[in-house]
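# Show me how the following folds:
(one chain, ligands or ions: 2)
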Amino acid sequence: MRIVGLTGGIASGKSTVSNLFKSHDVPVVDADIVAREVLRKGSGGWKKVVAAFGDEILLENGEVNRPSLGQIVFSDPDKRQFLNRLLAPYISRGIFWDILKLWMKGYKVIVLDVPLLFEAKMDRFTKPVIVVWVDPETQIQRLLARDKSGEEDARNRINAQMSLDVKRGKANIVIDNTGSLDDLNQQFQKVLVEVTRPLTWTEFSCSRQGVFTILASVASGLVLFVKAFNNHSRTS
Ligand SMILES: CC(C)(COP(=O)(O)OP(=O)(O)OC[C@H]1O[C@@H](n2cnc3c(N)ncnc32)[C@H](O)[C@@H]1O)[C@@H](O)C(=O)NCCC(=O)NCCS
Ligand SMILES: Nc1ncnc2c1ncn2[C@@H]1O[C@H](COP(=O)(O)OP(=O)(O)OP(=O)(O)O)[C@@H](O)[C@H]1O
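Numbers count the residues shown, from 1 in each chain. Ligands and ions are numbered 1, 2, ... in the order given. Predicted coordinates for the structure are as follows:
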């Protein structure tokens, strides 16, 4: 199985690229969706976060008030790291199960969309790593337009992540999303070819088909060996 890492900065266009992968039948595990699930009312992550940050971060229906928790953690690095530490085990477990489900369905190539792929050192498990890069001015404009947040909040969120230039330096593939959606689409077509090229032997051996092929070969090898051994014992 090939696990392709997809990362970038906030509002650099990861979800837009993820949607292109999905529309070409390449499944995507989205860490932001997993992170939302682990904060649902009553879940393990929710209990930890409520115990740590208090009832003030809850809405009337008991769900976490995400904008309000966001404002707290994106303006205070210590609180953000604390939240990251609380949720990391739940998020990793959720991602693991999502990958396992896709493995069991027999998918050979999947994309792991994780904003904090490098920060959480999850790039160890993904190859190639795609970084969706955008120039800083475009990034802030798109973030402001999408989230309708204030400029200070937007800058806090950008500064909460490793710089996009550093991420670009760690990438195997860079998509420059500063231009139009057409421009992005053109780059994506080349990336799709690269990402869906035939699996290497190591990747194949980690896929469901690979594991079954190896098990079947070992089993038939054993049967042949036992037969040969029995024949030899009878004749000697
Ligand atoms: C603080 C929370 C409640 C704010 O929720 P909100 O709905 O406003 O934002 P959302 O979850 O949609 O995140 C938007 C973007 O913010 C960035 N971001 C989210 N969490 C973090 C973080 N801890 N550090 C840096 N950037 C982050 C990502 O680029 C993400 O795509 C939420 O982001 C959260 O629970 N974060 C901690 C979990 C986490 O690390 N998520 C990232 C997935 S690896
Ligand atoms: N090439 C583009 N041209 C114009 N707008 C774009 C382009 N790419 C993405 N956008 C817009 O920019 C915003 C951010 O994109 P997107 O949501 O894909 O980023 P993201 O990296 O997934 O963000 P986050 O880290 O917050 O999850 C969205 O409103 C999206 O529609």
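# From now on I want contacts and neighbour counts done on CA atoms only, so please keep to that.
Fine.
# Which strands border the lengthiest strand in the chain, and is each parallel or antiparallel?
Assignment by DSSP state E gives strand 2-8 as the longest strand of the chain. Using DSSP bridges, the strands paired with strand 2-8 are strand 109-113 (parallel), strand 129-133 (parallel).
# Please identify the most buried of the ones you listed.
Most buried of these by mean neighbour count (mean count of other CA atoms under 10 Å) is strand 129-133; its value is a mean of 26.
# Output it as CSV - backbone C-alpha positions only.
Extracted C-alpha coordinates of strand 129-133, given in CSV (Å, rounded to 0.1, in the frame of the first residue of the first chain):
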residue,chain,number,x,y,z
VAL,A,129,5.0,13.8,0.6
ILE,A,130,3.1,16.5,-1.3
VAL,A,131,3.2,20.1,0.0
VAL,A,132,0.6,22.5,-1.2
TRP,A,133,2.4,25.8,-1.1
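# Please tell me how far it is from the chain's geometric centre.
12 Å (CA atoms, centre = their mean, to the nearest Å).
# Show me the contact partners of it.
4-9, 12-14, 123, 164-165, 167-168, 171-178 (CA atoms under 8 Å, 6 or more residues apart in numbering).
# That one and ligand 2, are they touching?
No - counting by CA under 6 Å from any ligand atom, ligand 2 has no neighbours in strand 129-133; the shortest distance is 7.5 Å.
# what about that strand, near ligand 1?
No - applying CA under 6 Å from any ligand atom, one finds strand 129-133 separated from ligand 1 by no less than 11.7 Å.
# Could you pull up the residues touching the closest residue to residue 27 other than its chain neighbours?
Excluding the flanking residues, the one nearest residue 27 by CA to CA, 6 or more residues apart in numbering is residue 110, at 5.3 Å. Shown in contact with residue 110 (CA under 8 Å, 6+ apart): 1-4, 26-29, 102.
# close to ligand 1, is the longest strand of the chain?
No - using CA under 6 Å from any ligand atom, strand 2-8 stays clear of ligand 1, coming no nearer than 7.8 Å.
# Can you tell me the SS state at residue 106?
Classification of residue 106 by DSSP: H, G, I helix; E, B strand; the rest coil places it in coil.
# got a list of what the residue nearest to it when sequence neighbours are not counted touches?
Excluding the flanking residues, the one nearest residue 106 by CA to CA, 6+ apart is residue 208, at 5.6 Å. The neighbours of residue 208, taking CA under 8 Å, 6+ apart as the test, are 1, 103-104, 106-108.
# Distance of residue 208 relative to residue 101?
11 Å (CA to CA, to the nearest Å).
# domains of the chain?
2-207, 208-236 (automatic domain parsing).
# what's the least confident stretch among those domains?
Across the domains of the chain, domain 208-236 has the smallest mean pLDDT, namely a mean of 90.
# If we go by neighbour counts, what in it is buried?
For domain 208-236, a neighbour-count test (16 or more other CA atoms under 10 Å) marks 208-210 as buried.
# wait, which of the residues you listed is closest to ligand 1?
Of all the buried residues of domain 208-236, residue 208 has the smallest distance to ligand 1: 26.2 Å, by CA to the nearest ligand atom.
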